[in-house]
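Engineer: Sequence first, predicted model second:
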Amino acid sequence: MVRMLRPLTRAVTYKRWLHIVVAVVWPSLWIFIQQAWWTQVTAAVLLGLAGLVPITRVVEGFQARLLLISHRRDGEGTEIVTTPSATWADRGRTVVWLEARLVLGWIVAHFSLQLPLLAVDLLTTGLGHEPAADGFVSVDEQHWWHALLAPLPLLLLPVIVVWSGHLITALAVRLLGPSPAERLAAMEERTEQLLERTRIARELHDSIGHALTVAVVQAGAARAAGDPAFTDRALGAIEETGRAALEDLERVLGVLRESEKPVSSRPTLADADRLLESARASGAKVDAEVTGAVDTVPGPVSREGYRILQEALTNVLRHAGAVPVRVRVRVAADTLVLAIRNPLTEPIPGPGRGSGLRGIRERAALLGGLARTGPDEGDWQVHVELPMS
């Protein structure tokens, strides 16, 4: 019983009733001017013509969201769109919505007015009085049992209000909801947002992970060395790496704050010297060789190549330590090749390698390239080929 009465305690129930009844206000004014059947037909025709105007869908969508949808849950109401009609199918659904709302409005308004009058007439005749001349009940004699029936119209009225509200909401979702093309566009936009989040997560992992790895290695080496000069160099390397990480973090946070702003200032392979010097300052013996013009590499490929190189060097410092590292960057006519090799000090990759290596493979796959990582003739290799066209 309590569950049945719960809709009557919600404000959205009465907002839906208001939304239905308001639809017949201006057609009702015509009846006072000219009581003829053609006034209702004219109102229906005018509504149909209004539904063909693209902006009508915007107006009806905002009204439906405001009055029909309960806002207790976040994101509820997005099933009703508030954009102009883009196709004739959208216009047709808007026309059907306007006509259905008009018909349902007439029905609900009629019962909302007549059911209370019916209850009054039943009570009047039950008490032995004559009903009104235009009353809803017309009987020749008064019957006491009419008074027993008087509460029934009042009980029926809330049922009509609640169920008509559910019906008009279902119609709004169906007729004012997104078309298949709009659903596809929304799905594509959502996919782009998820891809952007994944890219940002990789950016943070590569940049901050590299900086923390360098800081840990440098601090440990300085403490073990006990040499003031070496400690000064280690602190300088930690400071430089930390500053670079803060710059990268600021760029990533800028993407979050301004999602439409292009991130053209991210580091590219032209800034690879900073990575190599950071690795050397951490004790790694880096043998680097660059073949070809790095400046000619397209921006997206160059930026992803920088991150791949950064992650590969981070893995070397994290898992192998101060070991010789051979870095080869080759820019061919249509391919960028990155090859990083170091002595394999761990027979089995330790915990923590998975996410970084997976990020390397994902970056390569997104650009249509290939990435090979793993043991090779006693070394650990990262070999990546990225197409530049």
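Structural biologist: That came in fine, so what should we check first?

Engineer: mind listing the helices for the chain?
Structural biologist: For the chain, helices defined by DSSP state H occupy the ranges 2-5, 11-22, 25-33, 37-51, 54-68, 88-126, 146-149, 151-175, 180-225, 228-257, 272-281, 299-315, 353-366.

Engineer: Just put these in a markdown table and tack on mean pLDDT, mean neighbour count and distance to R328.
Structural biologist: (Glycine included, C-beta is placed from N, CA and C.) Converted to a markdown table, these look like this (pLDDT from 0 to 100; neighbours: other Cβ atoms under 10 Å; distance: least, Cβ to Cβ, whole Å):
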| stretch | mean pLDDT | mean neighbour count | distance to R328 |
| --- | --- | --- | --- |
| helix 2-5 | 72 | 8 | 71 |
| helix 11-22 | 90 | 18 | 66 |
| helix 25-33 | 67 | 12 | 77 |
| helix 37-51 | 78 | 14 | 66 |
| helix 54-68 | 90 | 18 | 58 |
| helix 88-126 | 89 | 18 | 57 |
| helix 146-149 | 83 | 16 | 94 |
| helix 151-175 | 92 | 17 | 59 |
| helix 180-225 | 71 | 15 | 20 |
| helix 228-257 | 71 | 15 | 23 |
| helix 272-281 | 84 | 19 | 12 |
| helix 299-315 | 86 | 23 | 11 |
| helix 353-366 | 76 | 17 | 16 |
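
Engineer: okay if I get these as CSV plus distance to V331?
Structural biologist: Output for the helices of the chain, formatted as CSV (distance: least, Cβ to Cβ, whole Å):
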stretch, distance to V331
helix 2-5, 70
helix 11-22, 63
helix 25-33, 71
helix 37-51, 59
helix 54-68, 51
helix 88-126, 50
helix 146-149, 92
helix 151-175, 55
helix 180-225, 21
helix 228-257, 24
helix 272-281, 12
helix 299-315, 10
helix 353-366, 16
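
Engineer: wait, which of those helices is closest to N342?
Structural biologist: Across the helices of the chain, N342 has its closest neighbour in helix 299-315 (8.8 Å, Cβ to Cβ).

Engineer: angle of the closest one against helix 353-366?
Structural biologist: 160 degrees (axes from the mean of the first three to the mean of the last three Cα atoms, to 10 degrees).

Engineer: for helix 299-315, packing partners?
Structural biologist: Here helix 299-315 touches helix 180-225, helix 272-281, strand 324-331, strand 335-343, helix 353-366, strand 379-387, going by 3 or more Cβ pairs under 8 Å, 6 or more residues apart in numbering; DSSP states H and E.

Engineer: Reformat these as TSV; add distance to Q63.
Structural biologist: TSV is the format used below for those (distance: least, Cβ to Cβ, whole Å):
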stretch	distance to Q63
helix 180-225	19
helix 272-281	57
strand 324-331	59
strand 335-343	55
helix 353-366	43
strand 379-387	52
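
Engineer: Of those, which is nearest Y306?
Structural biologist: Across these, Y306 has its closest neighbour in helix 272-281 (6.3 Å, Cβ to Cβ).

Engineer: Measure how the closest one sits relative to strand 335-343, angle-wise.
Structural biologist: Going by the same axes, to 10 degrees, helix 272-281 makes 0 degrees with strand 335-343.

Engineer: In contact with the closest residue to I168 other than its chain neighbours, which residues?
Structural biologist: Computed as Cβ to Cβ, 6 or more residues apart in numbering, the closest residue to I168 that is not its neighbour in sequence is I20, at 5.5 Å. Neighbouring residues of I20 by Cβ atoms under 8 Å, 6 or more residues apart in numbering: 101, 104-105, 108-109, 164-165, 168.

Engineer: circling back: nearest to W380 among the helices of the chain would be which one?
Structural biologist: Among the helices of the chain, the nearest to W380 by Cβ to Cβ is helix 299-315 (7.9 Å).

Engineer: care to break the protein down by domain?
Structural biologist: Here the domain parsing of the chain from automatic domain parsing is 2-178, 200-387.

Engineer: Wait, R65 touches I80, no?
Structural biologist: Yes. Contact criterion Cβ atoms under 8 Å: R65 and I80 qualify, at 5.3 Å.

Engineer: is it possible to export the domains of the chain to a markdown table including distance to A186?
Structural biologist: Listed next are the domains of the chain as a markdown table, based on distance: least, Cβ to Cβ, whole Å:
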| stretch | distance to A186 |
| --- | --- |
| domain 2-178 | 7 |
| domain 200-387 | 16 |
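
Engineer: Ignoring the adjacent residues along the chain, who's closest to A222?
Structural biologist: In space, not counting the residues next to it along the chain, A222 is nearest to A234; the distance is 3.9 Å by Cβ to Cβ, 6+ apart.

Engineer: wait, T169
Structural biologist: L68 (4.7 Å).

Engineer: From R3, how far out is that neighbour?
Structural biologist: Counting by Cβ to Cβ, to the nearest Å, the separation of L68 from R3 is 21 Å.

Engineer: what's D295 in contact with, if anything?
Structural biologist: D295 is in contact with A270, counting by Cβ under 8 Å, 6+ apart.
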